[in-house]
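Enquirer: Any chance you can model this:
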Amino acid sequence: MSGPAVILLGPMGAGKTSVGRELAARLDVHFDDLDAMIVAEAGRSIPAIFETEGENGFRELEAAVLAHALVSTRGVLSLGGGAVTQAHSRERLRGGPIVLLEIDEAVVASRLGRGRGRPMLAGDQDPMIRWRELAAQRYPIYRDLARWSVDAGRGSAASVARVITDIMGQDLLVGPEEENV
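Expert: This next block holds a predicted model:
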């Protein structure tokens, strides 16, 4: 099998990391979080990268780490909410085993709080106003790329992982290169 078995995509606060860990445990595969991979590659936090290199610098690094992750990860890979903003990243993701974790604003508001530690929500404005703007821009891209979609706002991360394995079913047993045979 080449590439991730499952790629989790969605907005900030959707639970991609917590669901990804549960899903990997359920499937007995490795879990990789793109944001953690970026931090490891850069040797500093995401807020520190944003502070010194800005969003454009961060997105370039994110795209490079994503390109590597798509060939090196074999289990579950969770992406940051903005990983789809680069056109070349979208093309690399297209056709992959992507699950969109959908979530509504009320749940996000309770999960994000004041948005601390999330550079895309930083500033004087209410973080939920910025979240709505980002969601409006990104959800069409998420939906275009996703093969499956689940409501990640209901139940625990473990129950969302269970829903994912149920909807993906047989596809989890077939590697990407085997699907087109």
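
Enquirer: use CA for all of it now, contacts and neighbours both
Expert: Will do.

Enquirer: Flag every buried residue along the helix or strand hosting Leu70.
Expert: Element membership of Leu70 [criterion: DSSP states H and E] is helix 46-72. Burial within helix 46-72, assessed by neighbour count using 16 or more other Cα atoms under 10 Å, is assigned to 46-50, 55, 58-59, 61-63, 65-66, 69-70.

Enquirer: same thing with stretch 93-107?
Expert: Under 16+ other Cα under 10 Å, the buried positions of stretch 93-107 are Leu93, Gly96, Pro97, Ile98, Val99, Leu100, Leu101, Glu102, Ile103.

Enquirer: Kindly report the same for stretch 80-88.
Expert: Neighbour counts over stretch 80-88 (16+ other Cα under 10 Å) mark Gly80, Gly81, Gly82, Ala83, Val84 as buried.

Enquirer: Reformat those residues as CSV; add secondary structure, distance to Lys16 and pLDDT.
Expert: Putting those into CSV (DSSP: H, G, I helix; E, B strand; the rest coil; distance: Cα to Cα, whole Å; pLDDT from 0 to 100) gives the following:
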residue, secondary structure, distance to Lys16, pLDDT
Gly80, coil, 8, 90
Gly81, coil, 9, 89
Gly82, coil, 13, 90
Ala83, coil, 13, 94
Val84, coil, 14, 94
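
Enquirer: buried stuff in stretch 156-163?
Expert: Neighbour counts using 16+ other Cα under 10 Å place Ala157, Ala158, Val160, Ala161, Arg162, Val163 of stretch 156-163 among the buried residues.

Enquirer: can I get these in CSV with pLDDT?
Expert: As requested, these are arranged in CSV below (pLDDT from 0 to 100):
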residue, pLDDT
Ala157, 93
Ala158, 95
Val160, 95
Ala161, 95
Arg162, 94
Val163, 94
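
Enquirer: Just the ones in helices from the residues you listed, please.
Expert: Among these, the residues falling in helices (DSSP state H) are Ala157, Ala158, Val160, Ala161, Arg162, Val163.
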